[in-house]
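A.B. asks: predicted structure and sequence below. I'll ask about it afterward.
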Amino acid sequence: MPTLARASISCSWSTNDDDYNEDAIKTVDIFLYKSEGYGDDVPAVKHVSATVPAGSKESCEVKASLNNDELDDLDLTGDGKSCKAYIVVNFSDIAIKAKSTSYNDLTAAVIDSDFSKRQQFSTDIPTGDPLANNTIKLVSVMPQESFVMDSAVETLTFSNNKLTSSGSVLVTRVAAKIRLTVSLADKVFTGPQGDGGLIWTPTFEGMTLSFHNGVPSA
């Protein structure tokens, strides 16, 4: 007779980010490890792709079912037993992309997941400036359907009479949202316009942009 082990996945942030799907929960993957002998390089004993209620945002509750053999493999058949759990949200093929189900390999795959936006269409807009290009290209993009999130390695404690565990697990976005807006004039006059005036023109080739605490893709 299978026994249920429950985990409640909870995440929340500012509700005004809903337009960018930053609070959407599409998929939840649960990786369970034995507490005794756990290490960052030890493969998971059990991987569960949990069923997520449709339209989940900010938080949801999912259930991971374990049969008796899996309970034995995780050493959860005694009183006050515990196991380790690592949660990945919105990365449905994490087990395929990762080299193994160890914490080290899973987090390496999570960091390398796709954070890009999907292009929708581009439109040429007339500028009305005969001295410049007659048109500029306006590119519209749709935000991602969801953002990859993960948890810390949590400890789940089980009681001998119920063999169940429930609680909230905090997950956070792996990638921070970065919105960069640059306003740059094509010309700047530092004196009277005309004879004797100086014109400053930006040189784009000499400009750089740096990120602090960024994570480059391997």
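C.D. replies: Done, it's in.
A.B. asks: and for residue 60, nearest residue in space, chain neighbours not counted?
C.D. replies: residue 25 (5.2 Å; Cβ to Cβ, 6 or more residues apart in numbering). Bear in mind the C-beta positions are built from the backbone N, C-alpha and C, glycine included.
A.B. asks: these two touch, right, that neighbour and residue 88?
C.D. replies: No - counting by Cβ atoms under 8 Å, residue 25 does not reach residue 88; the two are 11.4 Å apart.
A.B. asks: of these two, which one has the most company?
C.D. replies: Per other Cβ atoms under 10 Å, whichever of residue 25 and residue 88 has more neighbours is residue 88, with 27 against 23.
A.B. asks: any idea which element the more buried one lies in?
C.D. replies: When elements are assigned from DSSP states H and E, residue 88 belongs to strand 82-89.
A.B. asks: swap in residue 186?
C.D. replies: Counting by DSSP H and E, residue 186 is part of no helix or strand.
A.B. asks: same thing with residue 108?
C.D. replies: Short version, using DSSP H and E: residue 108 is in helix 103-111.
A.B. asks: which helices and strands does that helix pack with?
C.D. replies: Counting contacts by 3 or more Cβ pairs under 8 Å, 6 or more residues apart in numbering; DSSP states H and E, helix 103-111 packs against strand 28-34, strand 82-89, helix 94-97.
A.B. asks: tabulate those (JSON lines), appending distance to residue 202.
C.D. replies: What follows is the helices and strands packed on helix 103-111, written out as JSON lines (distance: least, Cβ to Cβ, whole Å):
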{"stretch": "strand 28-34", "distance to residue 202": "47"}
{"stretch": "strand 82-89", "distance to residue 202": "42"}
{"stretch": "helix 94-97", "distance to residue 202": "41"}
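A.B. asks: these: which one's closest to residue 57?
C.D. replies: Residue 57 sits nearest to strand 82-89 of all those, at 11.8 Å, using Cβ to Cβ.
A.B. asks: before we move on, the earlier item: what helices or strands is the strand holding residue 88 leaning on?
C.D. replies: So strand 82-89, by 3+ Cβ pairs under 8 Å, 6+ apart, packs with strand 3-10, strand 28-34, helix 103-111, strand 149-150, strand 154-157.
A.B. asks: what does it rub up against?
C.D. replies: Here strand 82-89 makes contact (Cβ atoms under 8 Å, 6 or more residues apart in numbering) with 7, 9, 11, 25-35, 38, 44-45, 74-76, 94, 103, 106, 110, 146, 148-158, 169, 171.
A.B. asks: what about the residue nearest to residue 60, distance to residue 150?
C.D. replies: In this view, residue 25 and residue 150 are 12 Å apart by Cβ to Cβ, to the nearest Å.
A.B. asks: hey, where'd the strands end up in this structure?
C.D. replies: 3-10, 28-34, 46-50, 59-66, 82-89, 118-126, 135-142, 149-150, 154-157, 168-170, 172-173, 188-189, 199-200 (DSSP state E).
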